[in-house]
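> one predicted model, sequence on top.
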Amino acid sequence: MLLNASTPRIFVAATRQNDGKTTTSLGLLSALERRYGRVGYIKPVGQRFVEIDEQKIDEDSVLMDKVFRLDCPLVDMSPIAVEPDFTRRYLQNANLDWLVKRIHKAFDRVAWEKQFVLIEGTGHAGVGSVFDLSNAAVARLLGSKVVIVSRGGIGLPIDEVAMNRALFAAEGVEVIGVILNKVLPEKLDYITDFAQRGLKRKGLELLGVIPHQPILSKPTIELVHEELRAEVLAGATRIHNIVQRVVIGAMGPANVTRLFQPATLLICPADREDVLRAAAEASTDHGEGLLAGIILSDDIQPSPSMRRLVASLPCPVLLTRADSYSVASTVHDLTVKTRPDDTQKIRLIRDMISRHVNLERILERIL
């Protein structure tokens, strides 16, 4: 079986996890859709997956399908899901030929009647080497050139790009350029200037510099709810609220409410009725955007009067078994990924990539 070689494609890689590869891929796919109309997406090897119709599908494939309605089976957009025992089983009984055929067939179906395909990698160039499907190897298998996404800066990003580029070069894959992500807005011009100089010395092109947007790394109440496995007591329709600040209600009401800013998540046990009443009054005085949500900790059920108060609040209220400190630590340590219902974030990503990444230059290098 011959791999489709005619449909234009690009492989989006990164220097490490959480550098903004999926954010960049989403924005690029949006720009490509406006340019070409019919586009495809595939994440050949995925590590974070959900089960849909008894199939393990990478979360990013689900995101792209729901945002863009790509008219392709999810199983083809996510042909290989690395389960917890995947590596062990591979090392016991290597089945590389079968995996390669699966990726090839999936790509051909994703590319069918499409005018462009975006391929998203997983982590840095070497991820997957243990089962012979590193990002570099997959890019070679799919005959794709590569764009590398790295975190903003000068020295460290260029060092890491050089290392990743070497792995791609070992597989005979061309890296056409670099996109720097999460650059502080006040340093945008400075980073652009010196990153261009540094990359040029390595024979690489700077294809985009994306300013840091703090909101993209902030969790929604829905994500917190899932992570804590909490019970929703009220406000389910506002569960997509974004959390900008966390406050633990471990002090008097006046001191707690002084800490409130827009999109605050308040954490306290339900028996702190004084704090909850003060929060309700603050929400009334300052508008519904003041509190992103409230988490009642320690599995303390609210009294009947508190339940009536909770039901009247203009924000989601959750109940969890965890103590307040554990809840705050969980929220702080969350790895925030863009989700299909994060409409505010998705609009921002589309606009950001459109304005700060040179799509025309990318196309010039691959067409």
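Happy to help now that I have it.

> report the helix or strand with the lowest average pLDDT across the chain.
The weakest-scoring helix or strand in the chain, judged by mean pLDDT, DSSP states H and E, is strand 49-52 (a mean of 84).

> strand partners (parallel or antiparallel) of it?
Counting by DSSP bridges, the strands paired with strand 49-52 are strand 55-58 (antiparallel).

> give me the helices and strands touching the helix or strand following the partner strand, please.
Elements were assigned by DSSP states H and E; along the chain past strand 55-58, the next helix or strand is helix 59-68. Under the contact definition 3 or more Cβ pairs under 8 Å, 6 or more residues apart in numbering; DSSP states H and E, helix 59-68 sits against helix 21-36, strand 39-42, strand 45-46, strand 49-52, helix 74-77. Using the backbone N, CA and C atoms, a C-beta is placed for each residue, glycine as well.

> quick one: closest of the ones you listed to Tyr325.
Nearest of those to Tyr325, taken as Cβ to Cβ: strand 49-52 at 29.5 Å.

> ok, residues contacting the closest one?
Lys56, Ile57, Asp58, Glu59, Val62, Leu74, Ser78, Ala81, Glu83 (Cβ atoms under 8 Å, 6 or more residues apart in numbering).

> now that strand: buried residues?
For strand 49-52, the neighbour count (16 or more other Cβ atoms under 10 Å) marks Phe49 as buried.

> CA atoms only for that strand, dumped as CSV, please.
C-alpha atoms of strand 49-52 as CSV (Å, rounded to 0.1, in the frame of the first residue of the first chain):
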residue,chain,number,x,y,z
PHE,A,49,-6.9,9.6,25.8
VAL,A,50,-10.6,9.2,26.5
GLU,A,51,-12.8,6.2,25.6
ILE,A,52,-15.4,6.8,22.9
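
> and that strand, how far out from the chain's middle?
16 Å (Cα atoms, centre = their mean, to the nearest Å).

> can you check stretch 326-339 too?
That offset, for stretch 326-339, works out to 13 Å (Cα atoms, centre = their mean).

> now the end-to-end length of that stretch.
Taking Cα to Cα, to the nearest Å, stretch 326-339 runs 24 Å from one end to the other.

> per-residue confidence averaged over that stretch?
Computed over stretch 326-339, the mean pLDDT rounds to 91.

> which parts of that stretch are buried?
Those would be Val327, Ala328, Thr330, Val331, Leu334, Val336, Lys337, Thr338, Arg339, for stretch 326-339 by 16+ other Cβ under 10 Å.

> go on, stretch 181-190?
Those would be Asn181, Lys182, Val183, Lys187, Leu188, for stretch 181-190 by 16+ other Cβ under 10 Å.

> same thing with stretch 121-139?
121-125, 127-128, 131, 133-139.

> what does stretch 300-309 give?
For stretch 300-309, using 16+ other Cβ under 10 Å, the buried residues are Pro302, Met306, Leu309.

> residues contacting Arg34?
Contacts of Arg34 (Cβ under 8 Å, 6+ apart): none.

> and it, how far is that from Arg350?
Applying Cβ to Cβ, to the nearest Å, the value for Arg34 to Arg350 is 9 Å.

> give me the common contacts of those two.
By Cβ under 8 Å, 6+ apart, no residue touches both Arg34 and Arg350.

> what's the neighbour count on Leu142?
Neighbourhood size, Leu142 [other Cβ atoms under 10 Å]: 22.

> can you check the one 4 residues further on too?
Burial of Val146, expressed as a neighbour count using other Cβ under 10 Å, amounts to 26.

> show me what contacts Thr257?
Ala278, Ala279, Glu281, Ala282.

> and Ile353, by the same measure?
Thr23, Thr24, Leu26, Gly27, Leu28, Ser30, Ala31, Gly208, Ile210 are the contacts of Ile353 under Cβ under 8 Å, 6+ apart.

> repeat for Arg350
Leu26, Gly27, Ser30, Ala31.
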